[in-house]
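Colleague: structure for the following, please:
(chains A and B)
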Number of protein chains: 2
Amino acid sequence: MSERQLHLGAILTGVGNDQYNWRHPDVPGDASVDIDWYITNAKLAEDAKFDLVFIVDSPFITPDTSPHFLNRLEPLTLLSAVAGHTSRIGLVGTLTTSYWEPYNVARQFGSLDHISRGRAGWNVVTTGLEGAARNYGREEHFDHAVRYERAQEFVEVVQGLWDSYEDDAFPRDKQSGLFLHKDKQHRLDHKGRHFAVAGPLALTRSRQGQPVIFQAGDSDEGRNLGAHIAEATFAASPDFASGQQYYADLKARAAALGRDADAIKVLPGLFPLIAETDEEAHRIERERAENLDIDKLLVQLGRAFNYHDFSQYDLDAPFPDLTGVTLNSYKGAAERIIRTAREEKLTLRQAAQRGQNPGGKGFVGSPETIANEIERWFTGRAADGFNIVVGAPDEFALFRERVVPILQSRGLFRTEYAHGTLRGHLGLPVPEHRHAAASLAVAAE
Amino acid sequence: MSERQLHLGAILTGVGNDQYNWRHPDVPGDASVDIDWYITNAKLAEDAKFDLVFIVDSPFITPDTSPHFLNRLEPLTLLSAVAGHTSRIGLVGTLTTSYWEPYNVARQFGSLDHISRGRAGWNVVTTGLEGAARNYGREEHFDHAVRYERAQEFVEVVQGLWDSYEDDAFPRDKQSGLFLHKDKQHRLDHKGRHFAVAGPLALTRSRQGQPVIFQAGDSDEGRNLGAHIAEATFAASPDFASGQQYYADLKARAAALGRDADAIKVLPGLFPLIAETDEEAHRIERERAENLDIDKLLVQLGRAFNYHDFSQYDLDAPFPDLTGVTLNSYKGAAERIIRTAREEKLTLRQAAQRGQNPGGKGFVGSPETIANEIERWFTGRAADGFNIVVGAPDEFALFRERVVPILQSRGLFRTEYAHGTLRGHLGLPVPEHRHAAASLAVAAE
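Modeller: Residues are numbered from 1 along each chain as shown, chains lettered A, B, ... in the order given. I've put the predicted structure just below:
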C-alpha cells in the first residue's frame, strides 16, 4: 500500500448549528435552504482538493432546534444537485436506518453514485432523538441496541441490492437485439430478523463499485457497528488522548472481525477556530463564550439526552446526577459528557459551554497552530483526517488558503487529485462483486 | 381566468420501454443511467418551451422487464441533478405511496421544490405490480381499494407537512438574534387510518407554495383519487371518444367535491409516430409491427395483469377469458384491455400489438397530422395537453421543430415562458397556507 495520506472533508451546514455563525454578516440567512450556498462551498472545497463534502441530518425538530436543523434541504436531493457542479469531490449524505426502507435507500444512493460518476457515500445513522418515532407512525423509538442491530442488517441488505447486476450484464447489442443477459441479474431474497427484501434492484454498479459507507456512533454498540460496516467514521473525540483510544479501539474491533484495519478511515468532525494569531483566536473564543445564551446551550446539551430539560438544575452546582435518565438517544455523546463532567468536576454551566466546540481542545489558534494539531492527530494515529465544519466565508477561507497549504508543504495532503472516485480519494478498494469472483469492476480510478 | 392554454410535457425514459427504441443508432445504450442524457433532453424540452419533464417509475423488476425499467436512475435524485442545468421547465417525478414514509416524501419533494426554485411536481402512484411487496418486507401487496385509500391519506399528510412553517416564520434578524418566530412553526399531529405523523417538517414552502400533485390511475378508484388530490393527470386514453369521456368524468368528479374543474389538468401520455409524410409514418408503423417479438409483447401485455402469463393461450384465438384473474395490478389499464378486446373482437395477438401505442389511434403521421390531432383533442376537451414520450433524437426533434411551431402558429402553445414555476406554467393557483389566511405566499411567478 502507498504512503498513508491525510483526508479532509467539508461539513456543509448552511447557517450552522451554533448561536453565532448565522449572525455573521457574510452568512446568508437562508443558506441552509439555498442550493447555491452548497454548490459554492462544494466548489471551494474541491478547489482545495478536499476528499469530500458531508451533509449531516436528523428527522425530528422542535421549535428549540438549532438554526441549520430547523429548515434545511434533504441530503440526497441536495447532493444530486451538487454533483453536476463538481467533478472530483466525494458526496456523503446522512440517512437513518431506523425510518427508511432498504430498497429505497439502495436505489437513491446507487443513483447518486451514477449521477456523480462514483463519488457517493452514505453516512449510516440510527437516529438519536426519540421524537422521530412519531414522524413515522410509531409511539416509541427503537431501543438503542435494536437500532444498531437493525442498522447492520439494513446496510447488508442495501449492499446486497447494489450487486443485483454483474458488471457485464448489459451487452446492449443493437444488431442481435440482446439487451440483457438475464442470468446476470440476481435476486437477493434476503429474509433476516428485521428485513425481508427480494430484489433485484433496477440499477447497475457505478465506477467505484458501491457507495462508501460512513458511520458515526461512538457508543459500544456504535463502535461495533462501525467495525462491521464502516469504511470511514465521523465520530468526534474531545481530545487527543481519547482520539488515539478511539482510533486504536475501532481498528482493533475491525481487525478482530477479519477486516483490513487500513480499510476503515477515522475522520472526526472538527470546527476549528482560526485567526491570524493564537492570541486573536483565543480572544475570539473568549468573546464568543461571553455572548452565548446559556438557555440555548442547555437545550443543545439536552439534545444528546433526548432533549432532557437541564433548565431545572442549578447552573453553578456540580453537573447533575442523571441516574434514571435513560440514554437511548445520542448514547455515546451523552456518556462522554457525563464522564468528562465527573472527571473534570465541571459545573452544569461549564459542561454546557464545553459542548460548543465539537472538535475538542487544541484546534484554536493561528493557521500554523491548527496545522500542527492536525499533523499531531494524524501522525499520532488519533485520526486519518478530519471533517471540517464550514462556518463563515472568512473562516473557511483561512482553512483552505492558510492551513491546507501548510499541510501540503509538509507532504501530508494532496496538491492535485489523483483519482476520480470517492474510493480513490480515500484509498479504499472497490468491493468485490458477490456474484462474480473475477469481476470486471474497474479499479477505483 | 385567461385563455385556455395547451400544455406539453416530455416523458424521459432513456432507452425506452418498447422493443425498437434502444436499438436506434442514435440512442445511447446506457441512456437510462446516464444523467447527461436526461439533462440534454430536459434542456431541449426547455428550449421548446415545454411545461415539464416527467419521470416514470416502478419499484419492481424481473428479468423480463422492458429495457428502461430494467436499469435506471431514481426519479428524485435524477430530477435534482437536472434542476441545476435548467431554469424554467417543471420537474415531475413518480413515487409510490404504498412503500414510502410520508415524512420522507414530504422532505424530498419539498427539497426538490427549493432546489428548482418552485418547479417540482409529484406523480402519485400506488404501484401496480404485486411483486413490489416483497421488496418491502411484505408477503402480499396492498389490495387495490386499500392502496387508493392509503394514497389519499398519504398525500394529505404530505401536504400538511409542507405547511409546517408560515411564510414569514424566519425573520433571521442578525441584530436582535431572532432566527425563528417559534409560534409560526406548526406540528401536524396527524392520526389517521393508515398513518400517524406528528411533524413539523424542517422545511419552509417554496416560491410555488407546494409541489404540484400529478396522478395517473384510470380505474374508478383511480379517478376518485384524482378528483380528490390531483392538479394534473397523466392517464392515457386509447381514442378521442374515451379521451372526452375521461376528461368530462374526471372534471365532474372534481366539481362534485367542490373543486374548480379548471384546477385539474388532463395531460395524457402520448408516443406519437411522426415522419415527413403520413405515408412514411404508416410505413414505419407497419415495419415496426412486423419486427416485433410477440413473446415480448405478451410479457408487456401481462404487466397490466401483474405479469399474468399470456404465453399459455392461442395467439390467434379470441382474447382469452380472464375470469378468475384478479385485477389488483394496473386495474384501469387491464379493464380497458379486456373491454377493447371484447368490443373490437380482437385476437390475443392483436390485443398485444395494440399495447405498443400508448397514445392510441390517430397520432401517426406528418407533423401537420400530429398537430391537427393534438388540436382536436385540446379543443374537443379530450385533453388540456399531452405528455410526450421522448424517443430517438430524430423523432423528438421532429416534434419540437415541426409540430410545436404549428401549435404555436395557431396560438395554442406559448412561444416564451411567462412564468418561473411549474404552477405558473400550468395556470394552477398557489395553495393557500393552512395556518395563515392572509398568507404572504408569492404568486406563481
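
Colleague: okay, the angle between the helix or strand containing A:Thr77 and helix B:75-83?
Modeller: Element membership for A:Thr77 (DSSP states H and E) is helix A:75-83. Comparing the axes of helix A:75-83 and helix B:75-83 via axes from the mean of the first three to the mean of the last three CA atoms, to 10 degrees yields an angle of 30 degrees.

Colleague: list of residues touching helix A:75-83?
Modeller: Residues from elsewhere that reach helix A:75-83 (CB atoms under 8 Å, 6 or more residues apart in numbering or on different chains): A:35, A:38-39, A:42, A:53, A:55, A:57, A:91-95, A:108-109, A:111-112, A:115-116, A:119-120, B:35, B:76-78, B:80-81, B:83-84, B:108, B:111-112, B:115. All C-beta atoms are positioned from the backbone trio N, CA, C, and that covers glycine.

Colleague: how far does it sit from the chain's center?
Modeller: Distance of helix A:75-83 from the chain centroid (CA atoms, centre = their mean, to the nearest Å) equals 15 Å.

Colleague: spit out the contact partners of A:Met126.
Modeller: No, residue A:126 isn't Met; it's Thr. With CB under 8 Å, 6+ apart, A:Thr126 has these contacts: A:Thr96, A:Thr97, A:Ser98, A:Phe142, A:His144, A:Arg147, A:Tyr148, A:Arg150, A:Ala151, A:Gly217.

Colleague: would you mind giving both backbone torsions of A:Arg253?
Modeller: The phi/psi pair for A:Arg253 (degrees, to the nearest 10) reads phi -60, psi -40.

Colleague: what's the neighbour count on the closest residue to it other than its chain neighbours?
Modeller: The shortest distance from A:Arg253 to any non-neighbouring residue, by CB to CB, 6 or more residues apart in numbering or on different chains, is to A:Ala227 (3.5 Å). Counted by other CB atoms under 10 Å in any protein chain shown, the residues lying close to A:Ala227 total 22.

Colleague: what packs against the helix or strand where A:Ala227 lies?
Modeller: Element membership of A:Ala227, judged by DSSP H and E, is helix A:220-229. Counting contacts by 3 or more CB pairs under 8 Å, 6 or more residues apart in numbering or on different chains; DSSP states H and E, helix A:220-229 is packed against helix A:144-162, strand A:212-215, helix A:240-256, helix A:331-343.

Colleague: so it versus helix A:240-256, what angle?
Modeller: Orientation check (the same axes, to 10 degrees): helix A:220-229 against helix A:240-256 gives 50 degrees.

Colleague: how many neighbours does the residue in the stretch 51-200 of chain A positioned nearest to chain B have?
Modeller: Among the residues of the stretch 51-200 of chain A, A:Arg172 lies nearest to chain B; the distance is 3.3 Å by CB to the nearest CB. Residues near A:Arg172, counting by other CB under 10 Å, number 18.

Colleague: does stretch A:414-434 come close to chain B?
Modeller: No: using CB under 8 Å from any CB of the partner chain, stretch A:414-434 never reaches chain B; the gap is at least 15.2 Å.

Colleague: where exactly do the strands run in chain A?
Modeller: Counting by DSSP state E, chain A has these strands, from start to end: A:7-12, A:52-55, A:90-96, A:120-125, A:190-191, A:196-197, A:212-215, A:232-233, A:265-266, A:269-270, A:273-274, A:364-365, A:385-390.

Colleague: would you list the ones you listed in JSON lines and tack on mean neighbour count, distance to A:Asp293 and mean pLDDT?
Modeller: Shown next, in JSON lines, are the strands of chain A (neighbours: other CB atoms under 10 Å in any protein chain shown; distance: least, CB to CB, whole Å; pLDDT from 0 to 100):
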{"stretch": "strand A:7-12", "mean neighbour count": "26", "distance to A:Asp293": "23", "mean pLDDT": "98"}
{"stretch": "strand A:52-55", "mean neighbour count": "28", "distance to A:Asp293": "27", "mean pLDDT": "98"}
{"stretch": "strand A:90-96", "mean neighbour count": "26", "distance to A:Asp293": "27", "mean pLDDT": "97"}
{"stretch": "strand A:120-125", "mean neighbour count": "27", "distance to A:Asp293": "28", "mean pLDDT": "97"}
{"stretch": "strand A:190-191", "mean neighbour count": "14", "distance to A:Asp293": "49", "mean pLDDT": "98"}
{"stretch": "strand A:196-197", "mean neighbour count": "22", "distance to A:Asp293": "47", "mean pLDDT": "98"}
{"stretch": "strand A:212-215", "mean neighbour count": "26", "distance to A:Asp293": "32", "mean pLDDT": "97"}
{"stretch": "strand A:232-233", "mean neighbour count": "29", "distance to A:Asp293": "32", "mean pLDDT": "97"}
{"stretch": "strand A:265-266", "mean neighbour count": "24", "distance to A:Asp293": "33", "mean pLDDT": "97"}
{"stretch": "strand A:269-270", "mean neighbour count": "22", "distance to A:Asp293": "23", "mean pLDDT": "92"}
{"stretch": "strand A:273-274", "mean neighbour count": "22", "distance to A:Asp293": "19", "mean pLDDT": "94"}
{"stretch": "strand A:364-365", "mean neighbour count": "20", "distance to A:Asp293": "21", "mean pLDDT": "94"}
{"stretch": "strand A:385-390", "mean neighbour count": "27", "distance to A:Asp293": "20", "mean pLDDT": "96"}
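
Colleague: reformat those strands as CSV; add distance to A:Gln312.
Modeller: What follows is the strands of chain A, written out as CSV (distance: least, CB to CB, whole Å):
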stretch, distance to A:Gln312
strand A:7-12, 32
strand A:52-55, 34
strand A:90-96, 30
strand A:120-125, 29
strand A:190-191, 46
strand A:196-197, 45
strand A:212-215, 34
strand A:232-233, 34
strand A:265-266, 37
strand A:269-270, 30
strand A:273-274, 31
strand A:364-365, 32
strand A:385-390, 30
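
Colleague: looking at those strands, spot the one closest to B:Gln159.
Modeller: With CB to CB, the closest approach to B:Gln159 among the strands of chain A belongs to strand A:90-96: 23.4 Å.

Colleague: contact partners for the residue of the stretch 301-445 of chain A found nearest chain B?
Modeller: The stretch 301-445 of chain A approaches chain B most closely through A:Ala392 (11.9 Å), counting by CB to the nearest CB. By CB under 8 Å, 6+ apart, the contact list for A:Ala392 reads A:Asn21, A:His24, A:Asp26, A:Val27.

Colleague: pick the most buried one from the helices and strands packed on helix A:220-229.
Modeller: Highest mean neighbour count among those (mean count of other CB atoms under 10 Å in any protein chain shown): strand A:212-215, with a mean of 26.

Colleague: that one pairs with which strands?
Modeller: With DSSP bridges as the test, strand A:212-215 is paired with strand A:120-125 (parallel), strand A:232-233 (parallel).

Colleague: show me the contact partners of the shortest one.
Modeller: For strand A:232-233, contacts defined as CB under 8 Å, 6+ apart pick out A:121, A:212-216, A:226, A:250, A:264-267, A:426, A:428.

Colleague: kindly report the same for the longest one.
Modeller: Strand A:120-125 is contacted by residues A:52, A:54-58, A:79, A:90-97, A:105, A:109-110, A:112-113, A:151, A:154-155, A:158, A:206, A:208, A:211-217, A:225, A:229-230, A:232, A:234, A:422 when judged by CB under 8 Å, 6+ apart.

Colleague: check the offset of that strand from the chain's centre.
Modeller: Taking CA atoms, centre = their mean, one finds the center of strand A:120-125 at 7 Å from the center of the full chain.

Colleague: next one: the shortest one
Modeller: Here the centre of mass of C-alpha atoms in strand A:232-233, compared against the chain's by CA atoms, centre = their mean, lies 7 Å away.

Colleague: can you list the low-confidence ranges for chain A?
Modeller: The model of chain A has pLDDT under 70 over residues A:1-2, A:355-361, A:437-445.
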